[in-house]
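Undergrad: Pasting the sequence and the predicted coordinates here, then a few questions.
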Amino acid sequence: MRFRSCYIPTLKESPADAEVISHKLLVRAGMVRKLTSGIYVYMPTALRALKKIETVLREEMAAAGFEELLLPAVQPGDLWKESGRWTHYGKELLRFKDRNDRDYCLGPTHEEVITDVVRGEVRSYRQLPVRLFQIQTKFRDEIRPRFGLMRGREFVMKDGYSFDLDDAGAEASYAVCKKAYHSIFSRLGLRFRAVEADSGSIGGNFSHEFHVLADAGEDTIASCTQCEYAANIERAEVRFAGEKCTETCQAFEEVATPDAHSVEEVCSLLHLEPSRIVKTMIFVADGKPVAVLVRGDREVNDVKVKNLLHAEEVELAGPETVQAVTGAPVGFAGPVGLSVPVYADSELVAATDYVVGANKGDAHLLHVDLARDCTIEAYADLRLITEHDCCPRCGAPIELTRGIEVGHIFKLGCKYSSAMHCAYLDENGKEQLMVMGCYGIGVSRVLAAAIEQNHDENGIIFPPAIAPFVAEVINLDPADATVSSWAEKACQGLEAVCGEVLYDDREERPGIKFKDADLVGCPVQVILGGKGIARGVAETKNRLTGEKGTISLDQLEEGLKGFVAQVEATWAARKA
RNA sequence: CGGGAUGUGGCGCAGUCUGGUAGCGCAUCUGGUUUGGGACCAGAGGGCCGCCCGUUCAAAUCGGGCCAUCCCGACCA
């Protein structure tokens, strides 16, 4: 494919509305253009990359026993009313009416439709399991779309669904899919982690997310430096390994702490370590206020609070609620004498003699023994893990890294099969609900994540498995017949080993071609010019390492093969 | 939805405070000189200054309203 006849409108400058690097580079490399907020045009090179990602997905999903189908993007509101999500999904679901005033929505996900398809056809236990997937455009009317393809409103997603006889079957489907996901992200050449995650509103008690590791990631993941444990920070367990303190302390007393609202302010005023303070946070769980206690140097993990209370919704209380519950402005809440339920983080049992808010403006209490002076509903793991914590599995140090969530697999149980009556007859002729699982990969987000993880100041560094073109041949002297003839030979040679080659024989100055090649990110670059030809060589550049080399024109074909293999080897080595 | 910012040729920006009829760089077109990491010279084309209403002799500039985009937050697969 000749560069001159490709639609690759590269830009020298980043668009003003792009913030993250993948967005900037996708636009600069001529791969995407924004149509409107959160909605992008995929230009030819982006489409090539998406297709390559999709090929890997198709092969691995097929290997895992999933068959591809294509569901409609427009879905009837009735199905969503049946599952209950018409009212629960929220504004992210883009709804509209047809000419007959019937409700419709654009599919943000397809559990309803797939369940409808399967319940219509599957009658017998003999037909199960059923495993299906599709690759399709989704639409979610995000409150705040951002970061280019990372969080768009319209995006390409691979979504798979499994229907099994029972929990054991569902486990097997889940496991098979998890394995497939490992293969997928490995093949794509990305550094990733599979992490335990909170299952959110979709259902099930746990799930796994697949994160591409990148500094710009929206999520924080905690992973063990020794064992396989890795979890989204929302979920990461904190194991309290200390002893319960058996001593008590002197009776508590009030101390004036004017204007000391924050832990830091109280600490500096009283000359204390933050760990001596108990932070009392007032939350509202499904409309009811509760108090949550953590050490002054810790952060509450509201997902854990939500799970502990089995609440639908948990949020930090506003100033009015805090005033109503504690009788004091924000900053002076404490557990002593509170009338709402109080939950404490496990590690608070390790000591006594804490400083807490006095539930009174500008005052705190010294020498509080939680066991003696207040009623604690329960002690539980309620805080956010930190880098100083240990792995809850093996006790080795934990490290925190940033990740971009590119895949998520869920056990759905019977949430949809029960709401929508998706059942089969077992061998005894008795009706049973199918047990479901769902498995998503954000295809367009994988593209963005690949760039977030792999770029430098010159542009994108595409992994070969994703690159729109694995190889580019740069002809520096297109007017020279000898140079051009060698360049075309190089194209043919590369074509044989790495698919369609991008051939730049534009009448441009060399600098422009080098810059564009780096920007567009072809992993394999081969340069033909008068100077090299005079020395009897073609020049090479490995985009990943930046290493330059030469190939003798006498052995061009073998040399090219060797170079491609060498580039692939650097990618393979980098993954480890 | 709350807070902040921005909107000026295709792209990136200046000009707005202090009103006087729009400018720079890149890109595009023509001619010439160049040619191994985003060349140079000369010339040319291209703008309802986001939209509407107002103030004024006069509005990119002042006032009001609206719209769009981006960032932070809330929210969320």
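TA: Yep, it's here. Keep in mind that what you see is a predicted model, and the values were worked out from it rather than measured.
Undergrad: Just list the residues touching the residue nearest the centre of chain A, thanks.
TA: Central residue of chain A (CA atoms, centre = their mean): A:Glu405, 0.8 Å from the mean position. Contacts for A:Glu405 (CB atoms under 8 Å, 6 or more residues apart in numbering) come out as A:209-211, A:217-219, A:442, A:445. Glycine gets a C-beta too; all of them are placed from N, C-alpha and C.
Undergrad: before we move on, which element is it in?
TA: strand A:398-413 (DSSP states H and E).
Undergrad: Now the phi/psi pair for A:Asp116, please.
TA: Note on A:Asp116: backbone dihedrals following degrees, to the nearest 10 are phi -60, psi -40.
Undergrad: That one contacts A:His421, doesn't it?
TA: No: shown here, A:Asp116 and A:His421 do not form a contact pair, counting by CB atoms under 8 Å, at 10.3 Å.
Undergrad: Pick out whichever of these two has more residues nearby.
TA: Neighbour count, other CB atoms under 10 Å: between A:Asp116 and A:His421, A:Asp116 has more, with 20 against 12.
Undergrad: Listing request: residues of the stretch 201-350 of chain A with sub-threshold pLDDT.
TA: Scanning the stretch 201-350 of chain A with the threshold set as pLDDT under 70 gives A:201-205.
Undergrad: Do stretch A:168-184 and RNA strand B come into contact?
TA: No: no part of stretch A:168-184 sits near RNA strand B under the criterion CB under 7 Å from any atom of the strand; the closest distance found is 12.4 Å.
Undergrad: avg pLDDT for that stretch?
TA: Throughout stretch A:168-184, pLDDT has a mean value of 96.
Undergrad: The residue nearest to A:Gln127 when sequence neighbours are not counted: how many residues sit nearby?
TA: Sequence neighbours aside, A:Tyr424 is the residue nearest to A:Gln127 in space, at 7.0 Å (criterion: CB to CB, 6 or more residues apart in numbering). Around A:Tyr424 there are 22 other residues, counting by other CB under 10 Å.
Undergrad: How far does the strand or helix carrying A:Tyr424 sit from its chain's centre?
TA: Here A:Tyr424 sits within strand A:423-425, counting by DSSP H and E. Chain-centre distance of strand A:423-425: 35 Å, with CA atoms, centre = their mean, to the nearest Å.
Undergrad: what helices or strands is it leaning on?
TA: With contacts defined as 3 or more CB pairs under 8 Å, 6 or more residues apart in numbering; DSSP states H and E, strand A:423-425 has these neighbours: strand A:431-433.
Undergrad: quick one: low-confidence parts of chain A?
TA: A:199-205, A:575-576.
Undergrad: mind redoing it with 80?
TA: A:198-206, A:312-313, A:318, A:575-576 (pLDDT under 80).
Undergrad: Most neighbours among the contacts of A:Glu405, please name it.
TA: Neighbour-wise, the contacts of A:Glu405 (other CB under 10 Å) top out at A:His211, 31 neighbours.
Undergrad: Report the contact partners of that residue.
TA: So A:His211 contacts A:192-195, A:217, A:219, A:221, A:232, A:403-406 (CB under 8 Å, 6+ apart).
Undergrad: just these now: which is nearest RNA strand B?
TA: Distance to RNA strand B, by CB to the nearest atom of the strand, is smallest for A:Glu405 among those, at 3.9 Å.
Undergrad: Looking at strand pairing, list the partners for that closest one.
TA: For A:Glu405, the beta-bridge assignment (DSSP bridges) gives partners A:His211.
Undergrad: Tell me the spacing between it and A:Ser83.
TA: 24 Å (CB to CB, to the nearest Å).
Undergrad: now swap in A:Arg95 and tell me
TA: Going from A:Arg95 to A:Ser83 by CB to CB gives 15 Å.
Undergrad: Who has more neighbours out of the two?
TA: Taking other CB under 10 Å, A:Arg95 and A:Ser83 do not tie; A:Ser83 has more neighbours (18 against 14).
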